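Enquirer: Sequence first, predicted model second:
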Amino acid sequence: MNTPIGWALIGASNVARQWIIDAIRAQPDSTILNVLSSSEERGAGFAAENDIPAHTTDIDTILTDRKVDAVYISTANQFHCSQTLAAAAAGKNVLCEKPIALDVADARKMIVACREAEVVLGINHHLRCNAMHQKLRQLLQKGTIGRLNAVRVFHANFLPEALHGWRVNDPDGGGLILDSTIHDIDTLRFLIGSNPTHVMAMTQSGRLAHDGVEDGIMVVMRFPGDVLVQIHGSYTVPFSEGGVEFYGSGGVLIGRDCMSQRPAGRLFMRNADGEREIPFQHHNLYHYALSAFSSAVWGTGHPAATGEDGLAALAIALAIRESARTGRQIEVEIP
Ligand code: NDP
């Protein structure tokens with residue numbers, strides 16, 4: 001039998017409220033013991049609303065509590081590194097939201113600290129937990145559509161007003177690239193099984209975001225094997241459907257409505273025999289992520305996305321941002 005996992009939430013966030021509290025409680029023997037907020041009032045409201053027995057404004061209250069085995073960090077992006085380092089030093093397992101950090105050096109420090117403390121570090125790149133992407137990956141690995149030629153990713157939507165805040169006004173921690181494009185990058189790494197070698201990008205700003213913060217993007221990337229990849233991302237396009245298209249020498253795989261947090265998506269294959277829908281069973285993305293993370297804590301598995309996955313996605317996202325800012329093609333280096 002597995003030992004129970006006591007959790008604390010670091011951050012009274014929307015994503016915790018909407019998805020993660022339920023996903024933690026869906027795991028066997030997992031309990032949420034405490035929530036950290038920088039605001040006493042917000043923490044109290046969040047704890048009451050979500051039936052969490054304690055709240056605090058002092059991270060040490062959580063880190064010195066021996067009943068806390070794991071923390072879920074979903075504060076604003078600039079706090080992910082320092083809070084992960086503190087949690088690792090206290091011997092707590094860490095599930096951290098994406099982006100892992102704001103720069104690669106910090107991401108590396110987080111990986112090293114968790115490794116040395118012998119605690120698990122997972123990064124919550126949820127799209128690789130979508131059953132449609134998992135099925136698509138299997139088909140690609142089997143060579144179902146032959147030699148891969150090109151990929152297109154459609155991830156444009158209209159950001160709900162409740163999520164504006166730091167996403168549209170913080171030039172360092174906010175913006176579409178570190179918020180959303182980084183999910184596309186992780187999904188592509190998961191599906192293709194490699195990292196891009198070169199990236200080029202152009203961004204938009206001003207439809208919703210301001211102070212130069214990007215709210216729209218077109219990216220072109222080259223992956224090993226001379227595979228060209230295109231991403232369209234946006235905060236400002238209503239009525240768009242997220243999707244992916246993989247073009248191979250022997251067919252096309254098309255994923256529709258598969259870039260959201262919901263267990264959604266339909267998969268189609270088109271080849272010389274015509275077009276057919278590929279069947280598979282959906283599951284809750286966040287339940288899947290928490291189940292994988294719990295297995296890693298018990299020593300019987302690994303997180304859906306590791307610290308190394310988070311670092312690679314961040315390095316590629318920063319190369320994309322550099323390309324957009326300089327107008328140059330950037331060679332990707334994953335340290
Ligand atoms: P929120 O804006 O809801 O929360 C971020 C921080 O903002 C909280 O920690 C909280 O600080 C503070 N905050 C929350 N509400 C208020 C308020 N009314 N007034 C002032 N401050 C407030 O962010 P998200 O939940 O959207 O994102 C949190 C993290 O999760 C980010 O790193 C993001 O990238 C990631 N994310 C991941 C998703 C995924 O599916 N993997 C989906 C969405 C976000 P405090 O804790 O101090 O109270």
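Expert: Structure's in. What do you need? Residues are numbered from 1 along each chain as shown.
Enquirer: Show the end-to-end separation of stretch 166-185, please.
Expert: Across stretch 166-185, the terminal residues are separated by 21 Å (CA to CA, to the nearest Å).
Enquirer: Contacts made by the helix or strand where residue 184 lies with the rest, please.
Expert: Following DSSP states H and E, one finds residue 184 within helix 182-192. Identification of contacts with helix 182-192 by CB atoms under 8 Å, 6 or more residues apart in numbering yields 98-99, 125-128, 133, 136-137, 140, 148, 151, 153, 155, 195-196, 221, 223, 227, 229, 231, 233, 244, 246, 259, 305, 309, 312-314, 316-317, 320. Every C-beta, even on glycine, is put in place using the N, C-alpha and C of the backbone.
Enquirer: and the ligand, which of those residues reach it?
Expert: Residues of the contacts of helix 182-192 in contact with the ligand (CB under 6 Å from any ligand atom): 98, 126.
Enquirer: Give me the distance from the helix holding residue 184 to the chain's centre.
Expert: 9 Å (CA atoms, centre = their mean, to the nearest Å).
Enquirer: which parts of this protein sit against the ligand?
Expert: Within the chain, the positions near the ligand by CB under 6 Å from any ligand atom are 11-15, 37-39, 42, 74-77, 97-98, 124, 126, 163, 165, 179, 261.
Enquirer: Could you tell me which of the residues you listed count as buried?
Expert: Among these, the ones that count as buried by 16 or more other CB atoms under 10 Å are 11-13, 15, 37, 74-77, 97-98, 124, 126, 179.
Enquirer: Is it possible to get a markdown table of the residues you listed that adds pLDDT and distance to residue 270?
Expert: Below are those laid out as a markdown table (pLDDT from 0 to 100; distance: CB to CB, whole Å):
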| residue | pLDDT | distance to residue 270 |
| --- | --- | --- |
| 11 | 98 | 43 |
| 12 | 98 | 46 |
| 13 | 97 | 40 |
| 15 | 97 | 35 |
| 37 | 98 | 49 |
| 74 | 98 | 39 |
| 75 | 97 | 44 |
| 76 | 95 | 42 |
| 77 | 96 | 39 |
| 97 | 98 | 36 |
| 98 | 98 | 32 |
| 124 | 98 | 33 |
| 126 | 98 | 28 |
| 179 | 96 | 32 |
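Enquirer: Inside strands: which ones of the residues of the chain next to the ligand?
Expert: Counting by DSSP state E, none of the members of those fall within strands.
Enquirer: Read off the pLDDT value for residue 162.
Expert: Residue 162 carries a pLDDT score of 87 in this model.
Enquirer: Now do the contacts for it.
Expert: residue 14.
Enquirer: For stretch 211-220, the averaged confidence score.
Expert: Averaged across stretch 211-220, pLDDT comes to 95.
Enquirer: residue boundaries of the helices in this structure?
Expert: Secondary structure of the chain, counting by DSSP state H: helices at 14-15, 21-25, 40-49, 59-63, 80-89, 104-116, 131-141, 165-169, 176, 182-192, 285-297, 307-326.
Enquirer: Compare those helices and say which comes out lowest on pLDDT.
Expert: Among the helices of the chain, helix 165-169 scores lowest, at a mean of 91.
Enquirer: In TSV: the helices of the chain, plus distance to residue 213.
Expert: Supplementary listing: the helices of the chain in TSV, determined by distance: least, CB to CB, whole Å:
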stretch	distance to residue 213
helix 14-15	19
helix 21-25	29
helix 40-49	24
helix 59-63	28
helix 80-89	19
helix 104-116	20
helix 131-141	28
helix 165-169	6
helix 176	8
helix 182-192	15
helix 285-297	27
helix 307-326	11
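Enquirer: Please identify the deepest-packed of those helices.
Expert: Comparing those by mean neighbour count (mean count of other CB atoms under 10 Å), helix 176 ranks first with a mean of 28.
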